[in-house]
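Student: coordinates for the following, if possible.
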Amino acid sequence: MPLADDAHSPTDIAPAAEAVERARLQADVAEQRVRLAKEELRRARKRLKEAKREAKRARKLAAMARKDWKRARRQAKKDGSAQSVKSTKPVVRRKSKPKSKRRKSVRTSNARRSKRSARATRAARR
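Tutor: Next up is the predicted model:
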């Protein structure tokens, strides 16, 4: 029957302590990796937000430029200078996006209302 002192000799304790220390260091490294990943995610979110803001600014500028161009074209047409109207490049028109279903339901309800009012006016005329 082995003694209790024989089970835990000083040579056995050192490798066990090293294993515990190694595991603790690995856990610290893993925590640091998590911290770095979170920081990178925050930075990426900030970059995404800034890119969205920049896209919004670009869309606004493009809309203003289109409005200015249309305004100038209408003014040139009004002034009667046919040369400036012909010199403008034709704009390639994009296909419009399909309307949302919600808009269709609003339109149908408006159409129903107008039909009802038309019926009511017809009935009042009779």
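Student: quick one: contacts for Leu36?
Tutor: By CB atoms under 8 Å, 6 or more residues apart in numbering, no residues touch Leu36. No exception for glycine: its C-beta is placed from N, CA and C like everyone else's.
Student: please read the previous query as pertaining to Leu41.
Tutor: Leu41 neighbours (CB under 8 Å, 6+ apart): none.
Student: quick one: it from Ala76, how far?
Tutor: Per CB to CB, to the nearest Å, Leu41 is found 52 Å from Ala76.
Student: mind listing the helices for this structure?
Tutor: Ranges of helices in the chain, per DSSP state H, are 4-7, 10-79, 82-87, 101-125.
Student: any idea of the mean pLDDT in the longest one?
Tutor: What it means is helix 10-79. Per-residue pLDDT over helix 10-79 has a mean of 93.
Student: one more: the last one?
Tutor: Within the predicted structure, the mean pLDDT of helix 101-125 is 63.
Student: go on, the third one?
Tutor: Mean per-residue pLDDT for helix 82-87: 52.
Student: kindly provide the distance from Ile65 to Arg71.
Tutor: Quick fix: residue 65 is Ala, not Ile. 11 Å.
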